[in-house]
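Trainee: would you be able to build a 3D model of this:
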Amino acid sequence: MADYNDGFDDFFEKVKQNKQYDSEKIKKAYDVAKAAHKDQKRRSGEPYIMHPVAVAKILFLLGMDSDCIAAALLHDVVEDTEYDLKFIRKNFGADVELLVDGVTKLGQIPLSTREEVQAENIRKMFIAMNKDVRVIIIKLADRLHNMRTLKYMPAYKQREKSLETLEFYAPIAHRLGIRAFKEELENTAIFYLDPIAYKEISNSLSMKREEGEVFLGDITKRIDDRLKGKFQNYSITSRVKSVHGIFRKVYIKGKSFEEIYDIYAVRIIVDSMTDCYNVLGIVHDMFKPIPGRFKDYISTPKPNMYQSLHTTVLSETGVPFEIQIRTWEMHRTAEFGIAAHWKYKLGSAGRQKMDNGLQWIHQILETGESADTAEDLIANIKGDLSVEEVYVFTPNGDVKSLPTGSTVIDFAYSIHSEIGNKMTGAKVDGRIVPLDYEVNTGEIVEILTSNQQGKGPSRDWLKIVKTGQARSKIRNWFKRERRDENIVDGKAEVERELKRNLINLSGAKYDEFIKKIAEKRHFDSTDDFYAAVGYGGILVSRLMPGIKEEYNRNWREKEPEQEFPTVQHTVSKASENGVRVEGIDNCLIKMAKCCSPLPGEEIVGFITRGHGLSIHRRDCTNVPRDLKNCAEPDRWIAASWDENVKIEMQSVLDIYAIDRDGVVLDITQMLKAAHVKIHSINARPIGDNNCLTTLTFAVASKEHLDSIIKSIMKITGVYHIERGHKSK
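Mentor: Predicted structure coming up:
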């Protein structure tokens, strides 16, 4: 192999200069990783070893410890090479083994899919984080370097990884307080997900930056002149807001560029908390504060331990800018978050602060334990990882942080399960509010409760609450207190849904079918399945595509071969549609819109009143299973396709996919490449980050349709396809 510089030597020189690191262990980890990956290359063509070295360097800059850096060098060894965890434990110790195992178990976590195995990976990740938070810090550094080199991946992978990063990894970096990780992950993800918006914002920021440097230079000099002599050890810096921060406000919240008050920001770092408030008084004396734009995160820290004073003020020329004021210790926590524990040895107080900052992991684990479906688990985690929070007070002055959009019910359950379960109403700042009232930062919320026997939450609350924690506790109450009622309600709901979808089974066969469905959803019994449906843990409508597929493949009764009325007919010649019908010539024949039959599929004719003969697929839901003993047996007649039929028919597919950018474009490009004529295409979101694309196109036969379906299923994000019907 040609000589190359993987960056380790320069990095290792810095490691050796810092006595807190076990340089021997780190060098040994590098040697093992280099040998293990010796024949592997990245998509860029570079030797693979450059990736783990880059991850280790990121963690070194973050101030992580020796075991963490060694694990970063080894994080792909167990997954991609012949080395196993026993080897890691023997040569590097139990901590490194735990970290490597934790990262390896994570694998890839595409949050935007609905596969149960992927949801299980997410659950494993939080279990690993609960044991040692360094697991996710390594994974974040791994994702950060992968995002930096994403240009070498195919376009669909770029979008997939970017969406996953924006929904999952960036919020975790935010929760851990690692600002630099969060901002770079968000900005890079936006670059690939919406390059046009990214360019527009970047261009606007470039223009703002040019004038902003002059503006901020003048502001910082004036503040410095006022602080000189009053404070001994202080620092004043300035910055322009990140691309993603502006993207959220402009493209998601619908604000104009001019409505963003914190494009420019000045940061002042001082020695003590008292100094922070004294500096606040000075800057408010110098500049006019904008009402409602002051936030005190010192007295009310964020869940990720972030502390700072934020105030937005106006310059004499009317330009708004934000001022952040904090101590040096607060600044270290703001920059490094959880990692500050390793970087600065914060002592027992720091460890306690870190433990408090990790409570959200325990809450998500609790939520995960009660989630009945992969969809619930993912939705709960995404909701609980919401980047934006509100800070709400109890009447006693305690502070609760909740995701933006949380209701008073979420607030009640954040205090205690019993408070939520006994809740009858709420007051906000002394006035009664409805239960769907969304709380705001700074409000004082009082929960009204009742000890009345039999009182409890309503099922309607599940549609109101925002947090997975509240949803989980409400469902747990219904599981515990209303099991018998849930089973009855759930059984009735299942029967209604099956009947609506024309799934007809009875007796022992019905019981066996439901048992099979329950087992597939990992329930111990059909009663547990019914109970989950009854208390709202599972929506049967979401399960129907899989249930119908199971029914049609394994449970639907086969029809007897001789099932048509025995009428003395002669076989007709083929019609214009390529269909032969017994004993009928010169009759108007049309294809039923409900099932859109195709050459190659088993068909049957129905004699309509005044509209000729309607041809249906034999498995159409409108065709009786037993044609001899149905209501009007004489109107059903045998039909078949002419062997030499060569006509194009219209077919309709309902394509269920993850709602990502480009999914419709990928479908149309695939059909274009296959020379398939598209008649119409309609895409719409259907909730939970899914979309439904209804496609009408020309097809020659059942075999042709099957090949098209097979090709569409290969498109990233597509997880289910159903035959649709043509609109009337």
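
Trainee: ok, His704 - contacts?
Mentor: Leu598 (Cβ atoms under 8 Å, 6 or more residues apart in numbering). C-beta here means a position set from N, CA and C on the backbone, and glycine is covered the same way.

Trainee: okay, and the helix or strand of the protein with the least pLDDT?
Mentor: helix 347-357 (a mean of 50; mean pLDDT, DSSP states H and E).

Trainee: which residues touch stretch 488-505?
Mentor: 513-514, 529-535, 540-541, 544, 547-548, 551, 555, 621.

Trainee: pull out the buried members of those residues.
Mentor: 513-514, 529-535, 540, 544, 547-548, 551, 555 (16 or more other Cβ atoms under 10 Å).

Trainee: now the helices for the stretch 451-600 of the chain?
Mentor: For the stretch 451-600 of the chain, applying DSSP state H, counting those that start in this stretch gives helices covering 468-481, 483-500, 507-520, 526-534, 540-550.

Trainee: tell me the mean pLDDT over the third one?
Mentor: Right, the one you point to is helix 507-520. Averaging pLDDT along helix 507-520 yields 85.

Trainee: turn the helices of the stretch 451-600 of the chain into JSON lines, including distance to Leu150.
Mentor: Compiled in JSON lines, these are given as follows (distance: least, Cβ to Cβ, whole Å):
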{"stretch": "helix 468-481", "distance to Leu150": "30"}
{"stretch": "helix 483-500", "distance to Leu150": "42"}
{"stretch": "helix 507-520", "distance to Leu150": "36"}
{"stretch": "helix 526-534", "distance to Leu150": "40"}
{"stretch": "helix 540-550", "distance to Leu150": "32"}
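
Trainee: can you tell which of those is closest to Thr407?
Mentor: Closest to Thr407 of those is helix 468-481 (Cβ to Cβ; 8.3 Å).

Trainee: now do the closest one: which elements does it pack against?
Mentor: helix 359-370, helix 374-384, helix 408-415, helix 417-421 (3 or more Cβ pairs under 8 Å, 6 or more residues apart in numbering; DSSP states H and E).

Trainee: give me that answer again for 10 Å
Mentor: Judged by 3 or more Cβ pairs under 10 Å, 6 or more residues apart in numbering; DSSP states H and E, helix 468-481 is in contact with helix 359-370, helix 374-384, strand 399-403, helix 408-415, helix 417-421, helix 483-500, helix 526-534.

Trainee: could you count how many residues lie near Asp489?
Mentor: Here the count is done by other Cβ atoms under 10 Å, and Asp489 has 19 residues near it.

Trainee: and it, what pLDDT?
Mentor: 81.

Trainee: Gly420 now?
Mentor: Confidence at Gly420, expressed as pLDDT, is 90.

Trainee: so it touches Trp461, yeah?
Mentor: Yes - here Gly420 lies in contact with Trp461, judged by Cβ atoms under 10 Å, at a distance of 8.7 Å.

Trainee: which residues do these two both contact?
Mentor: Common neighbours of Gly420 and Trp461 (criterion: Cβ atoms under 10 Å, 6 or more residues apart in numbering): Ile409, Asp410, Ala412, Tyr413, Ala470, Ile474, Trp477.

Trainee: give me the three-state assignment for the residue lying closest to Ser450 once chain neighbours are set aside.
Mentor: In space, and not counting its chain neighbours, Ser450 is closest to Thr424: 4.7 Å by Cβ to Cβ, 6 or more residues apart in numbering. Per DSSP: H, G, I helix; E, B strand; the rest coil, the local secondary structure of Thr424 is strand.

Trainee: okay, and Phe294 sits in which element?
Mentor: strand 288-296 (DSSP states H and E).
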